[in-house]
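**Student:** The following comprises the amino acid sequence and a computationally predicted model.
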Protein chains: 2
Amino acid sequence: MKILVVNCGSSSLKYQIFKVEEGTFNLLAKGSATRIGIEGSLIEHKPSGKEECTIEKPLKNHKEAMLAIEPLLTDKTYGVLKDISEINGIGHRVVHGGEIFKSSVFIDDKVINDIDDLSKFAPLHNPANLTGIQTCRQLMDAPNVAVFDTAVHQTMPEKAFMYGLPLEYYKNKGIRKYGFHGTSHDYVSAEAAKLIGKPFEQCRIITCHLGNGSSITAFKDGKVQDTSMGLTPLQGVVMGTRCGDVDPAAVLSVMQSDGIGPKKMDEILNKKSGLLGLAGSSDLRDVIDMAEQGNQDAENAVEILVYSIQKYIGSYLATLGGADGVVFTAGIGENNPIIRDKVLSCFEYAGIKVDKNKNETGEKIFSTEDSKVKALLIPTNEELMIAMDTYKLIN
Amino acid sequence: MKILVVNCGSSSLKYQIFKVEEGTFNLLAKGSATRIGIEGSLIEHKPSGKEECTIEKPLKNHKEAMLAIEPLLTDKTYGVLKDISEINGIGHRVVHGGEIFKSSVFIDDKVINDIDDLSKFAPLHNPANLTGIQTCRQLMDAPNVAVFDTAVHQTMPEKAFMYGLPLEYYKNKGIRKYGFHGTSHDYVSAEAAKLIGKPFEQCRIITCHLGNGSSITAFKDGKVQDTSMGLTPLQGVVMGTRCGDVDPAAVLSVMQSDGIGPKKMDEILNKKSGLLGLAGSSDLRDVIDMAEQGNQDAENAVEILVYSIQKYIGSYLATLGGADGVVFTAGIGENNPIIRDKVLSCFEYAGIKVDKNKNETGEKIFSTEDSKVKALLIPTNEELMIAMDTYKLIN
Ligand SMILES: Nc1ncnc2c1ncn2[C@@H]1O[C@H](COP(=O)(O)OP(=O)(O)O)[C@@H](O)[C@H]1O
Ligand SMILES: Nc1ncnc2c1ncn2[C@@H]1O[C@H](COP(=O)(O)OP(=O)(O)O)[C@@H](O)[C@H]1O
């Protein structure tokens, strides 16, 4: 059984192919097409255990990208399939599933319509995801499965997902907290339970997915209790280019003083804020470098980021009434021991103690032996989760 | 020495007169003029130890209100002064002091200009406060002092007061977290330190001011470390009519779908949201009554409120690295033991244990003897704080 995983962004298409044998998922190849529809389109294809290849070639849209990737998958030198028909199922990442999709589903016209409707909450993401879906439906015969970023969060209780807004905004418009990065939180929380050594359903776990986009989730009884992102991926901790939590009146104040409409404001909050807005780069590595060279704004930005993560962990300790483990994952969480250490430095009162050595060397459990709460480093694997969900549905 | 305290809202003027003898502040009288500028204006005057009086009379503006109150203060039956000139100083509550005012000040033309400038951040409050100031300057000779809701929060570190917005919003527009209810937090935190039995400067205290407007503040080393309200009093926990924290993109989404401008949106978020928006009444007593009669929306609203308070206490435990005390004050905090108990129910992991009996009977320290963190009930007294600050400046 072979599963293709497709993750379409506005100008990118990332893919992975897994071969499933006796329940084990082996990665055959992964790659991406980037800068789709803009100058400098690029395909990078990485077959496992084989030579990589890179192709520069104009790609007008996602269909052209898929058409350019397909021959690579079956190529004599770089390929991993004899024929594209070997693919038994295609799993698609879909960002917003609203309240409709509480788990992964086979994609049919109805599902496509629903995903399209939900574009109102994810205007950048859902349409891109749909492009990938449409392209695969046209080019391949295998069944398509949608795996939603929001699905795992659908177990949140009402007190966590409701905003203090007029009730009709929820009832008539669906405005509530949905949460994102669901596949990542789902994956690392389940892995965490194994490391903690208790059934997942009996664990209280806080998962910190810290990448370009960041979100923090609280799990209890095997279910999401709360998560930091909201109706959209804008809310929560400070991110690469997103502001995270702000006084909504501050946003309205800027709109009034600068005469900016909601669309433009949304762009500023999503694309020009966060680390980029505070320090001039959305990449935390750059910001840390600048800080080390004495740039005060960069130093402050790192402090603001760390502090915003601490506040969420703190509030979710309250939500869960304490925790068994705190997990770090994604680009920042997996690669930067200093940030992990700083973030956890204030939690001794809650029984969290970091083993500096283990943290430095990247051990999976990097808390001290006597730490009541385990500090965990677990690389995320959203594509694997999508493949597994797709496999489950097909079987 | 006699001090008049004036607190002007958009359509109200509240006042208190204190007599200061050997450092003790005795309340001579308090009262209010309400529905100023609208039909049904009313003056209620309560002299200490004397009969109260109520006057219904049209009051076009705050000056007319003050002119109607003045004779009451010197009235033979209801008065507490021989002559208005006995007043040695007037303390005014001013909501927004921005970064300019880090403590209370004598009011001169420059101060008035600055308060006026800051109306951009508090369009409902600062102009009303100024009306009270102007009226008193015209009618009385005593020096006027401005006491700011924001002042005590000016010690917050940058990591706490900065939003993840483009840096120029802070540098050029002053957009940051300021915090409010400063006099209340200041007062109850100092009282809390006495009950905890340690110098204020060595205490870590979380103060929950829960009234129509609610805010939560974290104190360490005698200084505010963080507070839940933001640029304006809209941010933070769910309140009577204010939404508290929401995804800013949710606000922009409503604006787009409903074609609403920033001013109208601000009004919805400030006046039609919170408990009112969720359950139909801004008064928690009503909401609790409805919940008890089986109204599901009301029951949810109470849960949402409690949960939003828990999250802030949790995040400030992280900010402070644990706490010595958690204080409840203002209308909700002082009067409802069930809410206090619910809020604190999840904090056993942090060493907070409520003594149900002491909580029920309204004892000042209502945690158990072995509770690591003290749970405290301390009635707030913002007017007394304003009087004390005014007295300090005059002497
Ligand atoms: N060693 C590191 N130190 C700090 N940040 C890092 C490090 N390695 C990667 N990052 C950050 O991780 C982020 C990208 O995370 P990733 O999970 O790949 O993002 P995405 O959300 O796009 O999936 C970037 O901001 C990058 O700066
Ligand atoms: N026993 C009570 N139970 C619940 N709420 C109460 C109780 N008593 C007063 N309140 C609430 O306190 C709030 C008013 O608080 P207060 O501090 O007077 O407000 P303000 O912020 O206007 O100063 C109202 O929402 C009222 O419902």
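**Tutor:** Cool, got the structure. Numbers count the residues shown, from 1 in each chain, chains lettered A, B, ... in the order given. Ligands and ions are numbered 1, 2, ... in the order given.

**Student:** pLDDT score for the closest residue to ligand 2 within the stretch 201-350 of chain A?
**Tutor:** Closest residue of the stretch 201-350 of chain A to ligand 2, C-beta to the nearest ligand atom: residue A:249 (17.5 Å). To be clear about C-beta, it is placed using only N, CA and C from the backbone, and glycine gets the same treatment. pLDDT, residue A:249: 96.

**Student:** could you list every residue that touches it?
**Tutor:** B:230-232, B:234-235, B:266, B:269-270 (C-beta atoms under 8 Å, 6 or more residues apart in numbering or on different chains).

**Student:** same for whichever strand in chain A runs longest, what does it pack against?
**Tutor:** If you go by DSSP state E, chain A has its longest strand at strand A:24-34. The contact analysis (3 or more C-beta pairs under 8 Å, 6 or more residues apart in numbering or on different chains; DSSP states H and E) places strand A:24-34 against strand A:13-21, strand A:42-47, helix A:62-73, helix A:382-394.

**Student:** In its sheet, which strands sit next to that strand, and in what direction?
**Tutor:** Here strand A:24-34 is paired, per DSSP bridges, with strand A:13-21 (antiparallel), strand A:42-47 (antiparallel).

**Student:** For residue A:150, give me its contacts.
**Tutor:** Residue A:150 touches A:95-98, A:101, A:178-180, A:182, counting by C-beta under 8 Å, 6+ apart.

**Student:** The same query, at a cut-off of 6 Å, please.
**Tutor:** Residue A:150 makes contact with A:96-97, A:178, A:182, according to C-beta atoms under 6 Å, 6 or more residues apart in numbering or on different chains.

**Student:** between those residues, which is nearest ligand 1?
**Tutor:** Taking C-beta to the nearest ligand atom as the measure, ligand 1 sits nearest to residue A:182 out of the contacts of residue A:150, at 13.6 Å.

**Student:** Count the residues that sit near the closest one.
**Tutor:** Counted with other C-beta atoms under 10 Å in any protein chain shown, the neighbours of residue A:182 add up to 28.

**Student:** Report the central residue of chain A.
**Tutor:** residue A:181 (3.5 Å; C-alpha atoms, centre = their mean).

**Student:** That one and residue B:339: what is the separation?
**Tutor:** From residue A:181 across to residue B:339, the span is 33 Å (C-beta to C-beta, to the nearest Å).

**Student:** With residue A:12 instead?
**Tutor:** 49 Å.

**Student:** likewise residue A:151?
**Tutor:** Residue A:151 sits at a distance of 34 Å from residue B:339 (criterion: C-beta to C-beta).

**Student:** what does residue A:368 give?
**Tutor:** 38 Å.

**Student:** how about stretch A:385-394 against ligand 1, any contact?
**Tutor:** No. Applying C-beta under 6 Å from any ligand atom, one finds stretch A:385-394 separated from ligand 1 by no less than 13.6 Å.

**Student:** Apologies, that question was intended for stretch A:80-100.
**Tutor:** No. Stretch A:80-100 stays clear of ligand 1 (C-beta under 6 Å from any ligand atom), getting no nearer than 11.2 Å.

**Student:** neighbouring contacts of that stretch?
**Tutor:** A:1-7, A:17, A:28-29, A:47, A:70, A:73-74, A:114-115, A:118, A:121-122, A:125-126, A:129, A:132-133, A:136, A:142-151, A:386-387, A:390, A:394.

**Student:** Make a ChimeraX selection of the buried ones in these.
**Tutor:** Selection of the buried residues among the contacts of stretch A:80-100 in ChimeraX, burial being defined by 16 or more other C-beta atoms under 10 Å in any protein chain shown:
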select /A:2,3,4,5,6,7,17,28,29,47,73,114,115,118,121,122,125,126,129,132,133,136,142,143,144,145,146,147,148,149,150,151,386,387,390,394
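
**Student:** From the contacts of stretch A:80-100, which land in strands?
**Tutor:** Short answer: the contacts of stretch A:80-100 in strands (DSSP E) are A:2-7, A:17, A:28-29, A:47, A:144-148.

**Student:** In the longest strand of chain A, which residues are buried?
**Tutor:** Buried residues in strand A:24-34, counted by 16+ other C-beta under 10 Å: A:25, A:27-34.

**Student:** same thing with stretch A:34-50?
**Tutor:** Neighbour-count burial for stretch A:34-50, counted by 16+ other C-beta under 10 Å, picks out A:34-36, A:41, A:43, A:45-47.

**Student:** with these in mind, which one is nearest to ligand 1?
**Tutor:** Of all these, residue A:34 has the smallest distance to ligand 1: 12.2 Å, by C-beta to the nearest ligand atom.

**Student:** Now that closest one: closest residue in space that isn't a chain neighbour?
**Tutor:** Distances taken as C-beta to C-beta, 6 or more residues apart in numbering or on different chains place residue A:12 nearest to residue A:34, at 4.8 Å, with adjacent residues excluded.

**Student:** For the one you found, grab phi and psi.
**Tutor:** With angles defined as degrees, to the nearest 10, residue A:12 sits at phi -140, psi 160.

**Student:** Then residue A:354?
**Tutor:** Dihedral pair for residue A:354: phi -90, psi 140, per degrees, to the nearest 10.

**Student:** List the beta-bridge partners for it.
**Tutor:** Residue A:354 forms beta bridges with residue A:367, as assigned by DSSP bridges.

**Student:** Tell me the confidence at it?
**Tutor:** 98.

**Student:** Next: residue A:120.
**Tutor:** pLDDT, residue A:120: 88.

**Student:** ok, now the one 5 residues further on?
**Tutor:** Per-residue confidence (pLDDT) for residue A:125: 89.

**Student:** That one: what's it in contact with?
**Tutor:** residue A:95.

**Student:** Would you mind telling me which of residue A:368 and residue B:339 has more residues around it?
**Tutor:** residue B:339 (20 against 16).

**Student:** Just confirm yes or no for the longest helix anywhere in chain A near chain B.
**Tutor:** In chain A, with assignment by DSSP state H, the single longest helix is helix A:296-320. Yes. For a cut-off given as C-beta under 6 Å from any C-beta of the partner chain, helix A:296-320 has contacts with chain B, namely A:300, A:303-304, A:307, A:310-311, A:314-315, A:317-318.

**Student:** just stretch A:233-242 next, same as before
**Tutor:** Yes. Between stretch A:233-242 and chain B, judged by C-beta under 6 Å from any C-beta, the touching residues are A:234-235, A:238.

**Student:** Look up the pLDDT of the residue in the stretch 201-350 of chain A that ligand 1 sits nearest to for me, please.
**Tutor:** Residue nearest to ligand 1 within the stretch 201-350 of chain A: residue A:331 (2.0 Å; C-beta to the nearest ligand atom). In this prediction, residue A:331 carries a pLDDT score of 94.

**Student:** And for it, the neighbour number?
**Tutor:** 18.
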